[in-house]
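**Student:** the following block contains a protein sequence and its predicted model.
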Amino acid sequence: MNSPKGKIKHSPKGKAMTEQELRDIVSSNIKRYRQSRNLSQADLAEKLDISITFLCNIENGNRWMSLPTMVKFVSVFNIEPYELLKRENTIPPNASLVANRCLDEATTAVTEALDKVRSYYSNQAEGLCED
């Protein structure tokens with residue numbers, strides 16, 4: 001879904017993503033997959049039948065690739081096509097802070113509820129002893 005000025009929407013509620021941002025994601029993924037398979041740029045370029053310079057430009061986010069070249073990457077890496085397009089870290093940077101805050105609030109609420117239950121049963125037990 002293209003929008004004005006080369007911006008691409010990456011989700012219905014998300015902000016517009018530039019072509020360069022998408023290129024950066026793809027280039028980062030290509031480099032990560034290459035390194036995780038212990039391939040040099042020369043080895044990968046040979047497998048893809050592209051020049052090392054072109055591969056270097058792709059990995060640095062300076063050049064874009066054709067769909068046939070993208071298909072070659074997917075084939076060599078043995079991955080699904082979408083894996084080249086997704087962000088490596090899809091968890092927001094502040095997620096752990098939010099999770100910890102939620103955990104603290106939940107712990108406080110459970111502790112308060114347990115205190116009320118203990119108090120209720122303690123009062124019930126005192127009432128039984130008085131009879």
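**Tutor:** Received it, and whenever you're ready, just let me know what you need. This one's a predicted model, so the numbers in the text were calculated from it and none came from an experiment. Numbering: from 1, shown residues only.
**Student:** what are the structural domain limits within this structure?
**Tutor:** Structurally, the chain divides into domains by automatic domain parsing as follows: 2-85, 91-131.
**Student:** redo these as a markdown table? Include mean neighbour count.
**Tutor:** (Glycine included, C-beta is placed from N, CA and C.) Below are the domains of the chain laid out as a markdown table (neighbours: other Cβ atoms under 10 Å):
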| stretch | mean neighbour count |
| --- | --- |
| domain 2-85 | 14 |
| domain 91-131 | 9 |
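**Student:** those domains: lowest mean pLDDT?
**Tutor:** With a mean of 77, domain 91-131 has the lowest mean pLDDT of the domains of the chain.
**Student:** what's stretch 25-33 in contact with?
**Tutor:** Applying Cβ atoms under 8 Å, 6 or more residues apart in numbering, the external contacts of stretch 25-33 come out as 58-61, 73, 77, 79, 83-88.
**Student:** tell me what the helix or strand harbouring residue 44 is packed against?
**Tutor:** Using DSSP states H and E, residue 44 falls within helix 41-48. Judged by 3 or more Cβ pairs under 8 Å, 6 or more residues apart in numbering; DSSP states H and E, helix 41-48 is in contact with helix 52-59, helix 67-77.
**Student:** now for the longest helix seen in the chain, which elements pack on it?
**Tutor:** Using DSSP state H to define each element, the chain has its longest helix at helix 95-130. Contact partners of helix 95-130 among helices and strands, from 3+ Cβ pairs under 8 Å, 6+ apart: none.
**Student:** check the offset of that helix from the chain's centre.
**Tutor:** 36 Å (Cα atoms, centre = their mean, to the nearest Å).
**Student:** what's the answer for stretch 72-81, then?
**Tutor:** Counting by Cα atoms, centre = their mean, stretch 72-81 is centred 19 Å from the centre of its parent chain.
**Student:** send me that stretch as CSV with only the CA atoms.
**Tutor:** Only the C-alpha atoms of stretch 72-81 are listed here, as CSV (Å, rounded to 0.1, in the frame of the first residue of the first chain):
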residue,chain,number,x,y,z
LYS,A,72,17.6,-16.0,-4.4
PHE,A,73,18.3,-14.7,-0.9
VAL,A,74,15.3,-16.5,0.5
SER,A,75,16.3,-19.7,-1.2
VAL,A,76,20.0,-19.6,-0.1
PHE,A,77,19.0,-18.7,3.5
ASN,A,78,16.1,-21.3,3.5
ILE,A,79,13.7,-18.8,5.0
GLU,A,80,10.2,-17.5,4.3
PRO,A,81,10.2,-14.2,2.3
